[in-house]
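*Asks:* Model the following, please.
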Amino acid sequence: MPRHRFNVFGRILDLEPSPSGWRCYAVGQDGKRAPVQLAVPADLPASDLGQYLYDIYHELAAGSRGDVVEISVSGSKGV
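*Replies:* Predicted coordinates for the structure are as follows:
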């Protein structure tokens, strides 16, 4: 299953598609993932995930925390 990882103003989030929408997980410094209660529409294309996350989390924006950037997931096949 394709996974998309984003640095969202300093927080790392993984998003995976599911029949009911995208599942979202916060990724800790140890690599462990914890579910995040975030409603992402099932019909949202992967290419729009970054903008969607920016729209939801823009309050976290600060000069030192940057932006929303998709990052590669090491060790994952098909990503």
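
*Asks:* Specify the beta-bridge partners of residue 8.
*Replies:* According to DSSP bridges, residue 11, residue 68 are recorded as the beta-bridge partners of residue 8.

*Asks:* residues contacting it?
*Replies:* Remark: with contacts taken as C-beta atoms under 8 Å, 6 or more residues apart in numbering, residue 8 is in contact with 53-54, 57, 60, 68. C-beta: built from backbone N, CA, C; applies to glycine.

*Asks:* and what of residue 36?
*Replies:* Taking C-beta under 8 Å, 6+ apart as the definition of contact, the neighbours of residue 36 are 13, 24-26.

*Asks:* so which strand or helix has it?
*Replies:* Assigned by DSSP states H and E, residue 36 falls within strand 33-40.

*Asks:* Can I get that strand in PDB, CA atoms only?
*Replies:* Listed in PDB are the C-alpha atoms of strand 33-40, where the atom choice follows Å, rounded to 0.1, in the frame of the first residue of the first chain:
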ATOM      1  CA  ARG A  33       3.600   5.600  14.500                       C
ATOM      2  CA  ALA A  34       0.500   6.700  16.400                       C
ATOM      3  CA  PRO A  35      -2.900   7.300  14.800                       C
ATOM      4  CA  VAL A  36      -3.900  10.900  14.300                       C
ATOM      5  CA  GLN A  37      -7.600  11.900  14.200                       C
ATOM      6  CA  LEU A  38      -7.600  13.800  10.900                       C
ATOM      7  CA  ALA A  39     -10.400  13.500   8.300                       C
ATOM      8  CA  VAL A  40      -8.900  13.400   4.900                       C
END
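
*Asks:* residues in contact with whatever helix or strand comes next after that strand?
*Replies:* As assigned by DSSP H and E, the chain's next helix or strand after strand 33-40 is helix 49-57. Helix 49-57 is contacted by residues 4, 6, 8-9, 11, 13, 15, 22, 38, 40, 44, 67-70 when judged by C-beta under 8 Å, 6+ apart.
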